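Q: Structure of the sequence below:
(2 chains)
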Protein chains: 2
Amino acid sequence: MKKICTVFVLLMILLGSHAFAEDGYRLWQRYEQVQDASKLQAYRKAAGEIIIQGNSPTLKVAQQELEMGLNGLLGQAVPTTQQPTQQNILVAGTPSTSALIKELNLSDKLKAAGDEGYLLLTTTKNGRNYTVIAANTDIGVLYGSFHLLRLLQTEQDIAKLSLTSTPKIKHRVLNHWDNLDRTVERGYSGFSLWNWHLLPDYIDQRYIDYARANASIGINGTVLTNVNANALVLTPDYLKKVAALADAFRPYGLKVYLTARFSAPIEIGGLKTADPLDPQVQAWWKQKSDEIYGYVPDFGGFLVKANSEGQPGPQNYGRNHADGANMLADAVAAHGGIVMWRAFVYDDKEPDDRAKQAYNEFKPLDGQFRDNVLVQVKNGPIDFQPREPFHPMFGAMPKTPLMMEFQITQEYLGQGTTLAYLSPMYKETLESDTYAKGKGSTVAKDIDGTLYKHTLTGIAGVANIGTDRNWTGHQFGQANWYTFGRLAWDHTLSSEEIAEEWLRMTFTNNSQFIAPVKSMMLGSHETIVNYMTPLGLHHIMGWSHHYGPGPWIKDKHRADWTSVYYHRADEKGIGFDRTKTGSNAVSQYFPPVAKQFANLKTVPEKYLLWFHHVDWDYKVNSGRTLWNELCYRYSSGVDGVRQMQQTWDKVQGQVDEERFQHVKTFLAIQEKEAKWWRDACLLYFQTFSKRPIPQDLEKPAHTLEHYMSLDPKFVPGI
Amino acid sequence: MKKICTVFVLLMILLGSHAFAEDGYRLWQRYEQVQDASKLQAYRKAAGEIIIQGNSPTLKVAQQELEMGLNGLLGQAVPTTQQPTQQNILVAGTPSTSALIKELNLSDKLKAAGDEGYLLLTTTKNGRNYTVIAANTDIGVLYGSFHLLRLLQTEQDIAKLSLTSTPKIKHRVLNHWDNLDRTVERGYSGFSLWNWHLLPDYIDQRYIDYARANASIGINGTVLTNVNANALVLTPDYLKKVAALADAFRPYGLKVYLTARFSAPIEIGGLKTADPLDPQVQAWWKQKSDEIYGYVPDFGGFLVKANSEGQPGPQNYGRNHADGANMLADAVAAHGGIVMWRAFVYDDKEPDDRAKQAYNEFKPLDGQFRDNVLVQVKNGPIDFQPREPFHPMFGAMPKTPLMMEFQITQEYLGQGTTLAYLSPMYKETLESDTYAKGKGSTVAKDIDGTLYKHTLTGIAGVANIGTDRNWTGHQFGQANWYTFGRLAWDHTLSSEEIAEEWLRMTFTNNSQFIAPVKSMMLGSHETIVNYMTPLGLHHIMGWSHHYGPGPWIKDKHRADWTSVYYHRADEKGIGFDRTKTGSNAVSQYFPPVAKQFANLKTVPEKYLLWFHHVDWDYKVNSGRTLWNELCYRYSSGVDGVRQMQQTWDKVQGQVDEERFQHVKTFLAIQEKEAKWWRDACLLYFQTFSKRPIPQDLEKPAHTLEHYMSLDPKFVPGI
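A: Coordinates of the predicted model:
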């Protein structure tokens, strides 16, 4: 006994000194032992052994994940067997490779699971109890395995399982704005994960863990390269590297896509033109596509930014977006590839209102795109602002499948150090009603294909992932990667549900932690909108790097890259008149929406200055004047951050100190930046309003000149 | 008993799943439990408790390190107490804060320890046994603590300790060629550790672990910024960030230095000139230095690259290097700062021989530098080539303290993926005899001040450290960081000793691993020289990025940036005639050396083509013709890599699989690159020699045209 006790103490010590650093690397896949004793007992009982019959790479990784997950969660090794030997069995598989699954006669239920979905159920057969993960495909089995692990991670009851889960959207894709030199445009979490120089020889463990994390939330595609594209990635030296990544990702169901630089036929093909109607150009892309599929047989296809912000495109040759997209679509069609053609376009010539341009260019092309083209539309008509109304293209192109483009990386949302839970923002867009086919024609229904009966559907998220040890820079940035995947799978999930899942898996199941922190997350986006761009303000950030406030930005080489173009503050008031007395951008929405937005009395206050130029003394819903309301909104944003700080301080001790301090430090930075935004914006707008900041509000810490003189250098992400 | 056993098993499992990932992050500071049972017992006995009296930040971190180290190494917690309570005590401290140390009456011995040194000894007093770490300063205590831990890590006997250790060189400094945008010039291990954007608010744990690692090997200074400098780092916004790093490093005795851009008075000071004799310029630097010391009271000083490769400098104003260095030296002198002025200079005008230029510019200035100036000289006269003869400045400037500049990052040695243990290369330079004051006037003696009785001494290493998880990209790159520190402390250590220490701490004490792997390390540099630049060849690498072979590089805007300038191959032979029939660079060495190098019969064969243009049919020591010897050397280099692969393959299972596979993969890349070098160089030189590659050697895999067409893109480090 004494000796054992010594060893025991020894182990305790080793455990202490060797425990995983809680540096965030493990994301929501920590697999710590279940703390609830009765749940632990139930889980241990249910998973007496694991049986996965079949040996595809995907089934192998499903087995590995279940083993690793259960070993951690149950605090004991769960044996894997080929045939039942115990009373309580966890079985996973498809009817085609697993006799055990086949014998359970699930074919009716499996019909509903489709190509990627799965069943989780409990059943008995021959006196044994089975917890079943069944699917029609191996990837369905993997997705189901992650779902089961999530149930354990979040301490759910698994005694009577009976559920079917299928994704509502077919292509659930991350967009990496990663350059070949490993810089990441609008990346705030280190540098690109892709170490092109060491590929294809060296496969970093991070590539595997990246694929695991994506598979755990159902993301099934990744665009490796920046939309501001470099044609070099299409050369053989790079395609070998791309193939190595694709090989590493394949077991996890993660398809690789590339951005296609439209002028590639000239730059790497030696042609004199990239005209999409030129047969030589078409042949070049066809040959190039065949070559790519030689390296990556399941290559997903191309993402294209064309004729936007200086990128080449079909308009350089007098052609339109459909001509460009279709040429590429034809090149990959035989291989089952798709083209994701971005609608984020604006001409080199300044339009009267940049918000209108995508609609104007694309709407007339409806019906002209090939079947394997998705038009990828940002959530709002400008550019990932803290808040935008939904993009008027949604609902407006019945014959064209539109793909949602959300931004996960926080380009305009405080970048690397701001705690912003983005699910409420995504949901706000998804649940917006376009009225395209009457009430209930939500954006989500256009995206998931149900509105116009499209089978090709997609959703993209601009990734916030980099080489930082915790992947996303901010520990809470992980929540947005997670959220994107979960909503891409099922956009009907609520922000609350997703936040709770994520918190439980990422930190703890302790309800004293969950309740306040979830509440903090849910309010975080609105808080940021308040201290950055309340009441529909937009595009008033710092020049080029987009870091910090810059409402004074003007006199740049194009007006629609300045702030004054968007806020239009003058002595009379502030805001962009997008009604018929102004740019009439409201007219791009379906009539019920247009009418609502166009009317100062009915426009949702959150979009007030997006659509209207409003007098400083206009009375808003609170009864305050617009100027005073602006002051209160900005101040309440700062107060909101301080409340977040208080909330976080109170959970010290309920999570590991390492991540606690990390978040605490970043919240202190956020508070500093929130004040910066408030003070800079109010002082600047005050030069127009000529009205005092209400007495009961905190006074700006510095002069406007001070804020205008700030000039942060080497801001990450550009 | 049963219950305890269950817990025991449970802990075993947790331990398994939670063990540290062996990703190299912990460097040589792994503190794994001692495997030798009798040693373990002896260590446990000796360290019954730790007593450190005194509470400076440095003593605190010494205590933390001893606790963490001993807990790991001994597999049990060692209590820290303030007064003796046990029979066997580990005591650390200085006589001034530790009564216990004072009572041991070590003052005579401590005299020899100086400001940074320490004693390790065992003694008894009042019936108790003491293992003593004693020093005159807190930093000496910390250095001694790391030494004691090293003894345990390498399983040495500590029963009868009696040693004094003091550094032979005063300033032991890393040079980071890190840019403010986090790129690292000639960096192959990710990006810059310094996250300037998040400083001063966020202190990354890596900063602490970086300082710990440096302190463990006695490095006491770090130049944070690239010698190709940006003046912005001298502005208040950045000085706040520098101060935060200095605060983090200070407990570990690591002083911060900055690179001074010579034109800073113009760029950030608003002056019209940077003339070092202009009173306004002098006043600006004085004020700037005062400002810096306001932020960092123990700021180390400036490192300057001036009038070299386009950098501004005193010559822009008709002044010389002493004028420039002295102005900066005067600015920091009152604060105890120093200036490290680089001798790596060459004019915009092409010299007849670039190898001669630094000597020509600096030798006449001997005696003109202020007392707080060190002239920092690269090991050889060109630029960190795989092999160079020692720099002729060594020994040649009796009145000027010369500081050694070694390159740890492998710019010319295979960069990120090549296993090159650099101690033999460093030692080759340090042990070279300059004959400045007769035989025995080694380079090391000039550097450590003993040759010319200098008290200001220094040594710099261009860091190979970045954000890669294992710090140095290659697992074995860590050995070069380690070696630099150990040699900086004591250049008389042998390469064998250092390799063995490092291997034991980094991997295992298992002699079946140590013996072959140490041997592999010791031969690695020569192997690389053989497949890159045998027989004194130099500067024949790829253009600009310096990756891979490029002996054909010619016709660039300056001849001394091409390869043909250096190898001078023609139909007759190959090599740079630096005798009096050529550039006469040999004349810069002291007569015995000059004579040896100038004579084709006595020049060491490793420098043959450095100093001589040699006929293809000249018979070398082996009896082969020069051409055949070149062929054999290049081939033996490739064979050497293959032997390294075999050696490594045989140790599988003796180290963790994670690092085993990492090194194995990198060795496979190295073998590929070695063949690339061999084939490209031999095929190219064959166009001059017109002689066949000997039949018994492996034939080149491709044509010369193929190798010349290779054009690697986005190579890291530029």
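Q: which residue ranges form the strands in the stretch 301-450 of chain A?
A: In the stretch 301-450 of chain A, the strands defined using DSSP state E, counting those that start in this stretch lie at A:301-304, A:338-342, A:373-378, A:402-407.
Q: could you give the mean pLDDT of the second one?
A: Looking at strand A:338-342 alone, the average pLDDT works out to 98.
Q: same deal with the first one?
A: Computed over strand A:301-304, the mean pLDDT rounds to 98.
Q: and it, which strands flank it?
A: strand A:255-259 (parallel), strand A:338-342 (parallel) (DSSP bridges).
Q: on that earlier part again, could you provide the strands of the stretch 301-450 of chain A in CSV, with additional columns for mean neighbour count?
A: C-beta coordinates here come from the backbone N, C-alpha and C atoms, glycine included. Listed next are the strands of the stretch 301-450 of chain A as CSV, based on neighbours: other C-beta atoms under 10 Å in any protein chain shown:
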stretch, mean neighbour count
strand A:301-304, 28
strand A:338-342, 28
strand A:373-378, 26
strand A:402-407, 26
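Q: Pipe those into TSV and attach distance to A:Gly324 per row.
A: Shown next, in TSV, are the strands of the stretch 301-450 of chain A (distance: least, C-beta to C-beta, whole Å):
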stretch	distance to A:Gly324
strand A:301-304	7
strand A:338-342	7
strand A:373-378	10
strand A:402-407	16
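Q: Indicate which one of the ones you listed is closest to A:Tyr295.
A: strand A:301-304 (14.1 Å; C-beta to C-beta).
Q: Can you dump the C-alpha atoms of that closest one in CSV for me?
A: Backbone C-alpha positions of strand A:301-304 (Å, rounded to 0.1, in the frame of the first residue of the first chain) are rendered in CSV as follows:
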residue,chain,number,x,y,z
GLY,A,301,-13.2,24.1,-58.1
PHE,A,302,-12.4,27.8,-58.4
LEU,A,303,-13.2,30.9,-56.4
VAL,A,304,-12.9,34.1,-58.4
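Q: A:Leu493: neighbouring residues, count only.
A: Other residues within reach of A:Leu493 by the criterion other C-beta atoms under 10 Å in any protein chain shown amount to 15.
Q: how about the nearest residue to A:Leu609 once chain neighbours are set aside, what does it touch?
A: Closest residue to A:Leu609 apart from its sequence neighbours, by C-beta to C-beta, 6 or more residues apart in numbering or on different chains: A:Gly575 at 3.4 Å. Under the criterion of C-beta atoms under 8 Å, 6 or more residues apart in numbering or on different chains, the neighbours of A:Gly575 are A:Gly536, A:Leu537, A:His567, A:Arg568, A:Leu608, A:Leu609, A:Trp610, A:Phe611, A:His612, A:His613, A:Val614.
Q: need the contact list for the nearest residue to A:Arg370 once chain neighbours are set aside.
A: Leaving out its chain neighbours, the residue that sits closest to A:Arg370 by C-beta to C-beta, 6+ apart is A:Ala329, at 3.9 Å. A:Ala329 makes contacts with A:Ile338, A:Val339, A:Phe369, A:Arg370, A:Asp371, A:Asn372, A:Val373, as judged by C-beta under 8 Å, 6+ apart.
Q: now swap in A:Val377 and tell me
A: Listed by C-beta under 8 Å, 6+ apart, the contact set of A:Val377 reads A:Ala343, A:Phe344, A:Ala358, A:His391, A:Met393, A:Phe394, A:Leu402, A:Met403, A:Met404, A:Glu405.
Q: show me the contacts for the closest residue to it other than its chain neighbours.
A: Excluding the flanking residues, the one nearest A:Val377 by C-beta to C-beta, 6+ apart is A:Ala343, at 4.6 Å. When the contact criterion is C-beta under 8 Å, 6+ apart, the partners of A:Ala343 are A:Ala358, A:Glu361, A:Phe362, A:Val375, A:Gln376, A:Val377, A:Lys378, A:His391, A:Met393, A:Leu402.
Q: got the residues of the stretch 201-350 of chain A near chain B?
A: Applying C-beta under 8 Å from any C-beta of the partner chain, one finds that the stretch 201-350 of chain A approaches chain B through A:Asp201, A:Tyr202, A:Ile203, A:Gln205, A:Leu232, A:Asp237.
Q: buried ones in the biggest helix by length in chain A?
A: For chain A, the helix with the greatest residue count under DSSP state H is helix A:657-689. Buried residues in helix A:657-689, counted by 16 or more other C-beta atoms under 10 Å in any protein chain shown: A:659-660, A:662-663, A:666-667, A:669-671, A:673-686, A:688-689.
Q: Among these, which ones lie close to chain B?
A: Applying C-beta under 8 Å from any C-beta, the subset of those adjacent to chain B comprises A:Phe666, A:Ile669.
Q: And the contacts of stretch A:661-670?
A: Here stretch A:661-670 has contacts from A:24, A:414, A:417-419, A:470, A:474-476, A:641, A:644-645, A:648-649, A:652, B:198, B:201-203, using C-beta under 8 Å, 6+ apart.
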